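J.: heads up, no residue letters with this:
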């Protein structure tokens, strides 16, 4: 022990300078990783001891993250697919109003952007091109010679506002998805390079406002789809009722037998409205999902990818 007042001394390892007896590596390591005056930890792994990494368990927190990352995308996909099907489908299964010959092949199907018709006694379907100002007359004249009385005049001949409102709703939904996808990417894959750097800085700075914009656009799509769906349903239901009454009156005025009074041509609403209601339901759920994501702090994950907000 050094006398009081004398400077402290540090014992150094004795290193051999002769090639015949080199200093063991273990002795060198001992003096390199041990501070003066402290003991070497017995728990330090040796060079030959394998390092065991603990496997991270997949708990409820990770499952919840996956759930909330997946749900909005599924809602977007279903709402977009059903609304696109309602807009662009030409299948008779998804028509909004169908006038069908009961004992034959003739039919007239009304869609949002066009119409399709099959003449009585034929199997060839003829569809009009997609138009915003939808003209149904070419399809209506295909079956009108076979309709009794003035029943053909009780069917819709054109559509002006309905296609534009449905298309506006579809565009609102597409715009909402285009804003949401980069935000979703930055929230769950913050190191990605798919988003341009300029857009990354902008989205991190305005993340909360952009999420609010996503919810607003989805809400507008929901309101437009719901209101035009209900309005179009009531309009076509009235056309179907007026057609049935006019066809029956035409049969009675001619003094035809009972089988003609019980009309062979009927008008009924089609499956296109099913697509509209499914799309409306998923749009409503999408609006709620975006609000829940904001409540759970998804915008903060975009703004602070390294968790700086918790400091």
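T.: Everything's here; your move. All figures in this text were calculated on a predicted structure; none of them were measured in a lab.
J.: which residues touch the most centrally placed residue in the chain?
T.: Among the residues of the chain, the one closest to the centroid is residue 76, at 1.3 Å (C-alpha atoms, centre = their mean). The contact partners of residue 76, by C-beta atoms under 8 Å, 6 or more residues apart in numbering, come to 173, 176-177, 180, 286. (Each C-beta comes from the backbone N, C-alpha and C, glycine too.)
J.: By neighbours, which of those residues wins?
T.: Greatest neighbour count in those, by other C-beta atoms under 10 Å, goes to residue 286: 29 neighbours.
J.: how far away is the residue nearest to the centre of the chain from residue 217?
T.: 11 Å (C-beta to C-beta, to the nearest Å).
J.: got any residues that touch both of these two?
T.: The contact sets of residue 76 and residue 217 overlap at 173, 176 (C-beta under 8 Å, 6+ apart).
J.: Would you tell me what helix or strand the residue nearest to residue 83 when sequence neighbours are not counted is located in?
T.: Once flanking residues are discounted, residue 83 sits nearest to residue 279: 4.3 Å by C-beta to C-beta, 6 or more residues apart in numbering. Per DSSP states H and E, residue 279 falls inside helix 272-295.
J.: residues making contact with that helix?
T.: Contacting residues not belonging to helix 272-295 are listed as 68, 71-72, 75-76, 78-79, 82-83, 85-86, 89, 94-96, 111-112, 173, 180, 208, 211-212, 214-215, 218-219, 221-222, 225-226, 229, 232-233 [C-beta under 8 Å, 6+ apart].
J.: Tell me who's in contact with residue 69.
T.: For residue 69, the contacting residues are 184, 187-188, by C-beta under 8 Å, 6+ apart.
J.: Nearest to residue 248 among the residues you listed?
T.: Proximity of these to residue 248 (C-beta to C-beta) peaks at residue 184, which lies at 55.9 Å.
J.: The closest one and residue 92: what is the separation?
T.: To residue 92, residue 184 is 38 Å away according to C-beta to C-beta.
J.: Residue 191 now?
T.: Counting by C-beta to C-beta - residue 191 and residue 92 are separated by 50 Å.
J.: can you give me the helices in the chain?
T.: 25-32, 60-88, 137-143, 161-188, 197-205, 207-253, 258-261, 272-295, 298-303 (DSSP state H).
J.: Out of those helices, the one nearest residue 117 is which?
T.: Of the helices of the chain, the one closest to residue 117 (C-beta to C-beta) turns out to be helix 137-143, at 3.8 Å.
J.: What average pLDDT does stretch 286-303 get?
T.: Here stretch 286-303 scores 82 as its mean pLDDT.
J.: mind checking the end-to-end distance for that stretch?
T.: Terminal residues of stretch 286-303 are spaced 22 Å apart (C-alpha to C-alpha, to the nearest Å).
J.: Show me which residues of it are buried.
T.: Neighbour-count burial for stretch 286-303 flags 286-287, 289-290, 293-294, 298-303 (criterion: 16 or more other C-beta atoms under 10 Å).
J.: ok, back up a step: which one of residue 184 and residue 92 has more residues nearby?
T.: residue 184 (20 against 17).
J.: excluding its backbone neighbours, what's nearest residue 144?
T.: residue 152 (4.0 Å).
J.: Tell me, how many residues neighbour that neighbour?
T.: By other C-beta under 10 Å, 22 other residues sit near residue 152.
J.: likewise the one 5 residues further on?
T.: Neighbour count for residue 157, taken as other C-beta under 10 Å: 13.
J.: tell me the pLDDT at it?
T.: Model confidence at residue 157, given as pLDDT, is 94.
J.: and it, how far is that from residue 110?
T.: Distance from residue 157 to residue 110, by C-beta to C-beta: 11 Å.
J.: Mind listing the shared neighbours of these two?
T.: residue 136.
J.: Might you report the residue contacts of residue 166?
T.: With the criterion set at C-beta under 8 Å, 6+ apart, residue 166 makes contact with 83, 86-87, 112, 224-225, 228.
J.: Now it. Nearest residue, chain neighbours left out?
T.: Excluding the flanking residues, the one nearest residue 166 by C-beta to C-beta, 6+ apart is residue 112, at 5.3 Å.
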